[in-house]
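Asker: Turn this into a structure:
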Amino acid sequence: MEMLGGLLGCTKTQVDYVLHLERNLKSLRIEMKKMMELYDDLLRKLEDKEEQHMKRTAKVAGWLDRVVTMKREVDSILDQSEQQIRNRSLGRWFKNWWSAYKLGKEVVTYSEALSILKTDGNFNEDELANLLKRPKVDQIPIPVPVGMDSSFEQACCFIQKNDVHIIGIYGMGGVGKTTLLKRINNVLSENGQEFDFVIWVEVSRYPNVGKIQDKIAEKLRFHKDTWGQRNRQEKTVEIFNLLIKKSFVLLLDDLWDPQFDLQVIGIPYRDPNLISKIIFTTRSEDVIGGMGADKRIKVGCLTEEEAWVLFREKVGREALDSHPKIEDQAKLVAKECGGLPLALITVGRAMASRKTLDEWSYALHVLKESASKFPFMEDKVLRLLRFSYDSLGDEMTKACFLYCSSFPEDWPFNQQKVIEIWIAEGFLKDGNLHMATQKGKNIISELKRACLLETITDGYSFRMHDVVHDMALWVYSEKGERYDKHLVQRDLLIGELREPLPISKWETARTISSLRHLTGKLEGEPKCDNLLSLDLSSNYFDEITNDFFQYMPNLKVLDLSGNYRLMKLPESLFKVTSLQFLDLRGTSIKTLPPTFNKLQKLKFLSLNDTTNLRVIPPQVISSLSNLERLESQNIGISDSSINEMLDELQYLEALQHLKFTVKSNITLEKLLRSEKLNKMIYGLCIQQCIGSRTLQLRDNDVLQKLMIYHCKDLEEVTLCWTRNDMRNVCFGDLSHVDIIDCKLLKNATLLSTLPNIKELTIMTCESMEEIIGVDGGGASMVPTNTKAFERLEYLCLWILPALKCICSHALPFPCLTTLSVMHCPKLKKLPFAPITVRKN
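Answerer: Next up, the predicted model:
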């Protein structure tokens, strides 16, 4: 009766909650399914947005949370409804009518709530997500840096300067430029609040402007879909319009093109109102200039100590401690890498598992003999360095570079001598010797700017880094397949040659070099049909047997210089009719045989410092019809023989470059009065000149080096200008002056009129009281505003017992780097003007 009373008191709606429970449950399930489909679709859209560095909005996040809550509650209701339906089927629902009513009402209520929630979930695209606020700088992982603190501090200093906008970082491949740039990037993340954007872009050898723009757009948060629909010009404009209003740092790694145009990409720069920094790395100093860098930083190789720290870290203590002597071998292996970080890392990792002394000894042998055969060296080091070689301007430059690999590692190349050999080899094909020499100098400068050669401090020499040498040798030997094309003998100890040289190895070689410090007799008959260049300089050969050069039909270059014990040239040498370059300087030969005239193709001949040379037969020199360059300074022949040689030189139509010795005023006058010869005197050695109290030099446009030796009667040297209008440019190339053992010479005032002198040596001149003299009234013979010595770099004053002063008044020496004074007891003061001596 109680239940019946409850039913009679219910409205129709309330009864429907109970009677239509199953239908309403079905409807609720359908609505919930639709809701979850909408939920899943929205999640997929959000995943796409988040991949674009976007974050879901709070509105969407709240809706998703409400859906999850709703589903949990609806699932609970559906479970309860199932139980009610089972009760109904058993006829029990009348007993639980009130609970059935409440359940039915909840089902209808949740159905209505689902409908509202579903409507709320119809979001527009713009309501789904917002761009994330990314960090201004993306940290880049790098190993703990070794040995680049000074370069890093220099870069940080430049970044702080308002007037520095473009910074170029350069150095050879594998030296650590990219690591330095990454370190700069990471430090900007710590204090990068002064810049709105810090953008890292890898440019590479063949830059793709579109890809570079895409990388920049990613950092600038341009919308991915709309960005992809723009053409290159539209992208350029969009990047420019944003960055012109912002402060930014653009880091460009691995730039190769000196004319790389940043404006094509859309980068604004050189705007005084713009707060921006552009920092790039490159292997070429030409790129530094082409990009207009305000500051440049050269990254050099590691010191030996730093290199060992890096190498030791990569090898690990386990391998180094596995044998007591391995560490000593490991240091030698590390040294072979020449301080190049890439090589140290590559070799170090390869050796980390080598734990026997034999393995380390063999590794050292391989690195010395053929580095390309060392594990990973070819792929990870040599191929990377080859990019620098491949980027050289022309085949001529490449050929000159590869030729340098025919010499040993760390070889100090004399610039002038290398150029002479390049000319003889036919690399520098120019009929004019002067222009070919200039071309050679330009190539050396280009190779230095490409970080393939390194300057030696004397300014006249250069070297090739050990690993660059390995790369050049690898390229020249056809990627390691033909190492026999070059035969490079490492320096031996004096006297080490106890048996004949293994000349059987010479037969396939094109170049042979650096057979140094060998003593005794050089004998044999090597059959060298392919040999083009043979360097036997700086040895102690007493004799070269007559048949030694018998089978070298194609030899072009022969260097015998520095063999001071060698007194005679072998007869077979004069059968090498292909010879174009012959260097005999510093040998003890006594005569040039008449058969010397068979060397008809000879272009270069050096007889410098052949002080024992007494005989040059008539017509020998004049028969060398192709001779372009003759060096005969400080030679032993008499003054009369020198006179005869001068006559013969007049007949050499190909001659363009002369370094010569005179031993009397008469011979000097004859040389200088020759209109032909005076134009080609690049070096002049004046010796003895017995009885001559005065020497007068005529104006000369090409003279580079002047030597005055052992002129014991000489009291004065003067310069004579035959062309007054050319007074300021004559002797303009004269840069090197030696005055030695001139007992009566009291001053060298002529030096004050030489505008470009760089090296000055005065020795054992017992009467010299001053370098720049004074007139009769005691005044200096040069004015106080003179430019004398403004380019002087090296000054040597030795054994000048009477020397009191250099000049009576102070002079600027802005370029002086080396001053050597010895046994000058009366010299009390140096004439340096304040703040003008270069701080070195």
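Asker: contacts and neighbour counts: CA atoms only from here.
Answerer: Noted.
Asker: Straight-line length of stretch 769-789, end to end?
Answerer: Using CA to CA, to the nearest Å, one end of stretch 769-789 lies 19 Å from the other.
Asker: pretty sure C301 is touching P341, no?
Answerer: Yes. At 7.2 Å, C301 and P341 qualify as touching, with contact defined as CA atoms under 8 Å.
Asker: any shared contact partners between these two?
Answerer: Shared contacts of C301 and P341 (CA atoms under 8 Å, 6 or more residues apart in numbering): V175.
Asker: in stretch 666-674, what counts as buried?
Answerer: Using 16 or more other CA atoms under 10 Å as the test for burial, stretch 666-674 gives 667-668, 670-672.
Asker: err, stretch 426-440, not the other one
Answerer: 427-428, 433, 436-437, 439-440.
Asker: quick one: contacts of it?
Answerer: 396, 399-400, 419-420, 422-423, 628, 656-657.
Asker: change it to 6 Å
Answerer: 396, 419 (CA atoms under 6 Å, 6 or more residues apart in numbering).
Asker: now the end-to-end length of that stretch.
Answerer: Stretch 426-440: ends 12 Å apart by CA to CA.
Asker: The closest residue in space to M396 that isn't next to it in sequence: which element?
Answerer: Leaving aside its sequence neighbours, M396 sits nearest to F427 (CA to CA, 6 or more residues apart in numbering; 6.0 Å). Under DSSP states H and E, no helix or strand contains F427.
Asker: so where is the stretch 501-650 of the chain shaky, pLDDT-wise?
Answerer: Applying pLDDT under 70 to the stretch 501-650 of the chain flags the ranges 501-503, 514-516.
Asker: Secondary structure of R349: a strand, I assume?
Answerer: No. Applying DSSP: H, G, I helix; E, B strand; the rest coil, one finds R349 to be helix, outside a strand.
Asker: I'd assumed R312 was in contact with it.
Answerer: No. Counting by CA atoms under 6 Å, R312 is not a contact partner of R349; they are 9.7 Å apart.
Asker: of these two, who's got more company?
Answerer: R312 (22 against 19; other CA atoms under 10 Å).
Asker: that older thread, quick check: the farthest pair among the buried residues of stretch 426-440?
Answerer: With CA to CA as the measure, no two of the buried residues of stretch 426-440 lie farther apart than F427 and L433, at 12.6 Å.
Asker: now the helix or strand hosting D647: how far from the chain's centre is it?
Answerer: Assigned by DSSP H and E, D647 belongs to helix 639-649. Taking CA atoms, centre = their mean, to the nearest Å, the mean C-alpha location of helix 639-649 is offset from the chain mean by 48 Å.
Asker: same check, this time on stretch 199-208
Answerer: 19 Å.
Asker: Give me the buried positions along it.
Answerer: Quick answer for stretch 199-208 (16+ other CA under 10 Å): 199-203.
Asker: Those in helices, which ones?
Answerer: In helices, judged by DSSP state H, none of these are found.
Asker: Kindly reformat the residues you listed as TSV containing distance to A748.
Answerer: Converted to TSV, the buried residues of stretch 199-208 look like this (distance: CA to CA, whole Å):
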residue	distance to A748
I199	61
W200	60
V201	60
E202	59
V203	57
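Asker: Let me know the closest of those residues to V144.
Answerer: W200 (20.0 Å).
Asker: Would you mind giving the secondary structure of the closest residue to the closest one other than its chain neighbours?
Answerer: The shortest distance from W200 to any residue other than its chain neighbours is 4.8 Å, reached at L251 (CA to CA, 6+ apart). Put simply, L251 is strand when judged by three-state DSSP.
Asker: and the gap between L251 and E218?
Answerer: The value you get for L251 to E218, if CA to CA is used, is 15 Å.
Asker: again with V418
Answerer: Counting by CA to CA, the gap from V418 to E218 is 51 Å.
Asker: Which of the two has more residues huddled nearby?
Answerer: For the pair V418 and E218, the greater number of neighbours falls to V418 (18 against 15), based on other CA under 10 Å.
Asker: Are we agreed that the more buried one is in a helix?
Answerer: Yes. Under three-state DSSP, V418 sits within a helix.
Asker: for it, what are its contacts?
Answerer: Listed by CA under 6 Å, 6+ apart, the contact set of V418 is empty.
Asker: I'd like to know how far it sits from N608.
Answerer: V418 is 17 Å from N608, by CA to CA.
Asker: Likewise for N539?
Answerer: 17 Å.
Asker: what's the answer for A58, then?
Answerer: 89 Å.
Asker: if you count what's nearby, which of those two comes out ahead?
Answerer: Neighbour count, other CA under 10 Å: between A58 and N608, N608 has more, with 22 against 13.
Asker: secondary structure element for Y389?
Answerer: Counting by DSSP H and E, Y389 is part of helix 383-390.
Asker: which residues are contacting that helix?
Answerer: Residues contacting helix 383-390 (CA under 6 Å, 6+ apart): G173.
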